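J.: My questions are about this predicted structure, shown below with the sequence.
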Amino acid sequence: MSTSHQTIASRCGTDLIGFNPFPVIGVVLPSGGTAAGGGYVVVQGQHFLPGTTVSVGGTAITPTSMSPTQMLLQMPPGVPGAVQVVISSPQGCPTSFTYTYY
């Protein structure tokens, strides 16, 4: 395990009461959109807490709206192809999904 993975594991492991701080992604609709950006993506899941951050292809974006189980993202412009959308908890625990620009 690399040092960065060890750091994440020590910071993001389940705590003493069984809470897993990783955001959990369940459903993402749609999974792609135009490279011009501006389209909306609904992400349903769990553990979307205040302070959760989102990046698209390495660029930070702010969710349009967010609850503990759902967030709405307006996608920035991109280049045709697949990018990683990373959702990180306030503790820096990441999870991701692939979004495809066309």
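T.: It's in. Numbers count the residues shown, from 1 in each chain.

J.: OK, contacts around the residue nearest the centre of the chain?
T.: Nearest to the mean C-alpha position of the chain, by C-alpha atoms, centre = their mean, lies residue 87 at 2.0 Å. Neighbour list for residue 87: 23, 25, 43, 48, 52, 53, 54, 71, 94, 95, 96 [criterion: C-beta atoms under 8 Å, 6 or more residues apart in numbering]. Just so you know, the C-beta spots here come from the backbone N, C-alpha and C atoms, and that holds for glycine as well.

J.: can you pick the most crowded of those?
T.: Ranked by neighbour count under the definition other C-beta atoms under 10 Å, the contacts of residue 87 are headed by residue 23 with 24 neighbours.

J.: quick one: that residue from residue 37, how far?
T.: Look at residue 23 and residue 37: by C-beta to C-beta, to the nearest Å, they are 23 Å apart.

J.: Kindly export stretch 83-91 (C-alpha atoms) in PDB.
T.: Extracted C-alpha coordinates of stretch 83-91, given in PDB (Å, rounded to 0.1, in the frame of the first residue of the first chain):
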ATOM      1  CA  VAL A  83     -13.200  11.800 -16.500                       C
ATOM      2  CA  GLN A  84     -13.300  10.900 -12.900                       C
ATOM      3  CA  VAL A  85     -15.700  12.700 -10.600                       C
ATOM      4  CA  VAL A  86     -14.400  12.500  -7.100                       C
ATOM      5  CA  ILE A  87     -16.600  13.100  -4.100                       C
ATOM      6  CA  SER A  88     -14.700  13.500  -0.800                       C
ATOM      7  CA  SER A  89     -16.000  13.600   2.700                       C
ATOM      8  CA  PRO A  90     -15.000  16.500   5.000                       C
ATOM      9  CA  GLN A  91     -12.200  14.200   6.400                       C
END
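
J.: how about the strands in this structure?
T.: Here the chain has its strands, by DSSP state E, at 24-29, 32-33, 40-46, 53-56, 59-61, 65-67, 70-74, 81-88, 94-101.

J.: Would you mind pulling up the elements that the last one packs against?
T.: If I follow you right, that is strand 94-101. strand 24-29, strand 32-33, strand 81-88 (3 or more C-beta pairs under 8 Å, 6 or more residues apart in numbering; DSSP states H and E).
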